[in-house]
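Undergrad: Sequence isn't available, so here's the structure alone:
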C-alpha cells in the first residue's frame, strides 16, 4: 500500500491489513516520540463501535457519490479492529528505514 487509496474502495479493501509504504517519509523521524500518541490513536480507533464506523463510511460515500459503501465499510472495520497491530508494524517499518 503506497498511497492513501482515497477514492479507490476496491484497492483499499485489497490492501487488507497492510501498512503504508515508508519510502516517501522523511528520514530520521523520531519514532519513539510518535509511538505513544500513535498507539493511543489506534486504541481509540479500535474502540469505535461498528455502527459509528459504518455511519462515517455511509456519510462519506453519500457525499462522494461512491456506490461501494458495503465494501468500504467492511474494509475499514477490519482495519479498525487490527489498528494497534497495524500501527506497531508501521512504526517498526519506520524505525528500520530511519536507521
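TA: Structure received. In this text, all values refer to a predicted model and were calculated from it rather than measured experimentally.

Undergrad: Run a quick neighbour tally on residue 60.
TA: Here the number of neighbours of residue 60 (other Cβ atoms under 10 Å) works out to 14. Heads up, the C-betas are built off the backbone N, CA and C, glycines and all.

Undergrad: Which strand or helix spans it?
TA: Using DSSP states H and E, residue 60 maps to helix 50-64.

Undergrad: list the helices and strands that helix packs on?
TA: Counting contacts by 3 or more Cβ pairs under 8 Å, 6 or more residues apart in numbering; DSSP states H and E, helix 50-64 is packed against helix 69-81.

Undergrad: contacting residues around the helix it packs on?
TA: For helix 69-81, contacts defined as Cβ atoms under 8 Å, 6 or more residues apart in numbering pick out 9-10, 12-13, 15-17, 45-46, 48, 50, 53-54, 56-58, 60-61, 66, 86.

Undergrad: Restrict those to the buried ones and give me that as a ChimeraX selection.
TA: Buried members of those, defined by 16 or more other Cβ atoms under 10 Å, are picked up in ChimeraX with:
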select :9,12,13,15,45,46,48,53,54,57,61,86
